[in-house]
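Student: based on what follows, work out the 3D shape:
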Amino acid sequence: MQATPQEKEHDNLQCTPYDLEKPTQAWTRLADMVDTEEPLFQSTWFLEGYNFSSNIYVIEDDGLTVIDPGNDYTAYLQFFDLGFDPAQVKRVVITHGHFDHAMGVLELCNYKGIREKGSMEIVMHEAGPEELKKNLEPLAFPVRLVSGGEVVDTGRFSLEIIHTPGHTFDGISLYHRDSRSFFSGDAVLPYGLSAPDKHGGGRLDHMLQTFRLLLQQEILHVLPGHGWPVFLHGRRLLEASYEEMIKHLLGTSRELSCEEAAQHLIGKGCLNEALYCAEKSLRYNPSDAKALRLKILCLNDMGRFQEALNSLEVLKNLLGGGKDEEGDSFQSMAMGYALMGLERYEEAVAAFDEVVGRCGTIKEALVYKGMALHLAGRHDEAMDIEEFRNEFVGRFKEELLQKASART
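Tutor: Here you go, the predicted model:
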């Protein structure tokens, strides 16, 4: 999606193709990859995955917390060669059940210090693969099945578990609120999107819901399951990923403006995405009346009536006293709809009257006026409006026919 002029602060964000990325030098502290005093980064070790293994993160705190054990036995040989004792591994979090993220847990279970202690907790989503659960069962390690909303407490660091379905249904991610860092698994990747895996319950609509949820979080750093960590530009990465998904939803790979995308999305009933596009357009050009109208349309259709009214006030101030018959009709119509949603029926009737007074007989305005009158208890006046009466009777008749059909 093209969009709109880019902010300079985002110019240096480039998603590097995976095969062109500079390899890490074995295990590396995150603090050595970015100039920061952030305690979480001082305490977290990172190994970039390759071939059939994901990235692995290990947090040093009350013990060792492994986030995604990967699928590379040499990773642990190297890690324990740094002087860490396997018996210090206190818990393992599996972001989803794909073998490249999960199989390393079986490798860890075979370490003598871990096996003899027998207390290493394994955290995974309750919908994780049954085969993995069966493989873990005879090993008798405590398995904690989660669904999202729980916390992994490593001592100093509290990591919130967020259910992030889409790539697979059992996807979970970890969010450290204090540093605004996000261990994403495959939910967010720096160089592209992870496709929904239908065998793992992956679905595109779940991915959209996940991104909507994540965009509500303050995410500064993304620590992904593949590729290098993205420091400082987590928000921009989330937006870029979400916009790629929107383009996929629209079935296009071409660049298109936010306004054009919003119009198509409204036609598809994807109001959340349409609202995102309209708001993005307004972010770069707050005086864009067309984008503001699209935003109001979305808010009303989403039932966010008070926000629609607030935006109508912004639109009114933006247009000032300028004569814009089509625009004025839109405002009155949208205002009537919002007021009706807020149960301010008499004011809604006045707004619809304004549309009719300005533009003459408009069926939509008359139907909504009748509806507002009906809801206000002025039934006779409502039924005097032919357009509303026909609509009302037509729907009533349709409902009766459906009930009769259901009985036969």
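
Student: shaky segments in the stretch 201-350 of the chain?
Tutor: Along the stretch 201-350 of the chain, the parts satisfying pLDDT under 70 run over 321-327.

Student: buried residues, the host helix or strand of Ala348. List them.
Tutor: Assessed by DSSP states H and E, Ala348 sits inside helix 345-359. Within helix 345-359, the residues that qualify as buried are Tyr345, Ala348, Val349, Ala350, Ala351, Phe352, Asp353, Glu354, Val355, counting by 16 or more other CB atoms under 10 Å. The way it works is simple: take the backbone N, C-alpha and C, and place the C-beta from them, glycine included.

Student: now Val89: phi and psi?
Tutor: When read as degrees, to the nearest 10, the backbone of Val89 gives phi -70, psi 110.

Student: that one bridge partners, please.
Tutor: Beta-bridge partners for Val89, by DSSP bridges, are Leu64.

Student: I figured it hits Pro69, correct?
Tutor: No. Counting by CB atoms under 8 Å, Val89 stays clear of Pro69, with 9.5 Å between them.

Student: now for those two: what residues contact both?
Tutor: Common neighbours of Val89 and Pro69 are listed as Leu108 (criterion: CB atoms under 8 Å, 6 or more residues apart in numbering).

Student: ok, so of the buried residues of helix 345-359, who is nearest Gly267?
Tutor: Val355 (23.0 Å; CB to CB).

Student: check the offset of the next helix or strand after the helix holding Ala348 from the chain's centre.
Tutor: The element immediately downstream of helix 345-359 (helix or strand, assigned by DSSP H and E) is helix 363-375. Here helix 363-375 is found 36 Å from its chain centre; the criterion is CA atoms, centre = their mean, to the nearest Å.

Student: mind listing the strands for the stretch 201-350 of the chain?
Tutor: Assigned by DSSP state E, counting those that start in this stretch, the strands in the stretch 201-350 of the chain fall at 221-224.

Student: mind listing the helices for it?
Tutor: For the stretch 201-350 of the chain, helices defined by DSSP state H, counting those that start in this stretch occupy the ranges 204-215, 234-250, 258-268, 271-284, 289-301, 305-319, 325-341, 345-359.

Student: give me phi/psi at Ile67?
Tutor: phi -110, psi 110.

Student: isn't Ala127 up against Phe169?
Tutor: Yes. Here Ala127 reaches Phe169: they are 5.3 Å apart, a contact under CB under 8 Å.

Student: who touches both of these two?
Tutor: With CB under 8 Å, 6+ apart as the test, Ala127 and Phe169 both reach Gly201.

Student: could you report the neighbour count for Arg254?
Tutor: By the measure other CB atoms under 10 Å, the count of residues near Arg254 is 8.

Student: and it, how far is that from Lys280?
Tutor: Remark: distance between Arg254 and Lys280 (CB to CB, to the nearest Å) = 18 Å.

Student: what does Glu273 give?
Tutor: Counting by CB to CB, the gap from Glu273 to Lys280 is 11 Å.

Student: now the spatially most central residue of the chain: how far from Leu238?
Tutor: For the chain, the residue nearest the mean C-alpha position is Phe211 (1.6 Å; CA atoms, centre = their mean). As for Phe211, its distance to Leu238 is 7 Å (criterion: CB to CB).

Student: go on, Tyr73?
Tutor: Shown here: Tyr73 relative to Leu238, a distance of 33 Å by CB to CB.

Student: what of Asp153?
Tutor: Asp153 is 26 Å from Leu238, by CB to CB.

Student: stretch 242-257: which residues count as buried?
Tutor: Buried, per 16+ other CB under 10 Å, within stretch 242-257: Tyr242, Glu243, Glu244, Met245, Ile246, Leu249, Leu250, Leu256.

Student: got it, and stretch 224-239?
Tutor: So, applying 16+ other CB under 10 Å, buried residues of stretch 224-239: 224-231, 233-239.

Student: among those, which one lies nearest to Asn51?
Tutor: Distances from Asn51 to these, taken by CB to CB, are shortest for His226, at 11.0 Å.

Student: got phi/psi on the closest one?
Tutor: Dihedral angles (degrees, to the nearest 10) for His226: phi -140, psi 150.

Student: I'd say it and Ser53 touch.
Tutor: No. Counting by CB under 8 Å, His226 does not reach Ser53; the two are 9.5 Å apart.

Student: so for the helix of greatest length in the chain, mean pLDDT?
Tutor: Secondary structure of the chain per DSSP state H: the longest helix is helix 386-407. The average of the pLDDT scores along helix 386-407 is 75.

Student: hmm, who's touching it?
Tutor: With CB under 8 Å, 6+ apart as the test, helix 386-407 has contacts from Lys363, Leu366, Val367, Lys369, Gly370, Met371, Leu373, His374, Ala382, Met383.

Student: for stretch 255-265, same thing?
Tutor: Contacting residues not belonging to stretch 255-265 are listed as 1-4, 246-247, 249-250, 271, 273-275, 277-278, 280-281, 288, 290-291, 294, 298 [CB under 8 Å, 6+ apart].

Student: can I get the buried ones among those residues as something I can paste into ChimeraX?
Tutor: In ChimeraX, this line selects whichever of the contacts of stretch 255-265 come out buried by 16+ other CB under 10 Å:
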select :1,3,4,246,249,250,271,273,274,275,277,278,280,281,288,291,294,298
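
Student: name the SS class of Val123, please.
Tutor: Secondary structure, DSSP: H, G, I helix; E, B strand; the rest coil: Val123 is strand.

Student: quick check: phi and psi on Leu189?
Tutor: Main-chain dihedrals, Leu189, degrees, to the nearest 10: phi -120, psi 150.
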